[in-house]
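S.K.: build me a model:
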Amino acid sequence: MDWGKVTYIFFSLMSLTTTAGFIYEPNAIALFLAASVNIISTILKIGVRNLLSAELLASSLVADSHLIPAFLVYTISDNLNLAIGLAIGAIIANIFSVALALIESAKS
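M.R.: Next up, the predicted model:
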């Protein structure tokens, strides 16, 4: 078993589920956790060397560029609707990332 792959898939799924948790129960702590786990996922994807590694990293960076502003908007201006909208964009990027990981697993 490839533990490196297990770790980066774990954090990819964890970033998807913590973001979905924020959508279900919106609060600043949940959004901070979602952004933090997604940043860890992005860092882990930097070292991945496979067929779709560029696409995996790009989708994770897109999710980061949604979750970090969502956290700032929610904590600074308390605009929950905009934060949820940005988090939904991050969920879509994370679903794409998980789909790419499944395709990569099927090809190997």
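S.K.: helices of the protein, start to end?
M.R.: Secondary structure of the chain by DSSP state H: the helices cover 3-24, 28-46, 53-72, 80-107.
S.K.: okay, those helices in a markdown table with mean pLDDT and mean neighbour count next?
M.R.: All C-beta spots, glycine's among them, are computed from the backbone N, C-alpha and C. Putting those into a markdown table (pLDDT from 0 to 100; neighbours: other C-beta atoms under 10 Å) gives the following:
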| stretch | mean pLDDT | mean neighbour count |
| --- | --- | --- |
| helix 3-24 | 92 | 18 |
| helix 28-46 | 94 | 19 |
| helix 53-72 | 95 | 20 |
| helix 80-107 | 94 | 18 |
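S.K.: distance of the nearest residue to Gly47 once chain neighbours are set aside from Phe96?
M.R.: With C-beta to C-beta, 6 or more residues apart in numbering as the criterion, Gly47 has its nearest non-adjacent residue at 7.9 Å, and that residue is Gly4. Taking C-beta to C-beta, to the nearest Å as the measure, Gly4 falls 21 Å from Phe96.
S.K.: what of Leu72?
M.R.: Separation of Leu72 from Phe96 (C-beta to C-beta): 23 Å.
S.K.: before we move on, what about Phe71?
M.R.: In terms of C-beta to C-beta, Phe71 sits 21 Å off from Phe96.
S.K.: with Thr19 instead?
M.R.: Shown here: Thr19 relative to Phe96, a distance of 13 Å by C-beta to C-beta.
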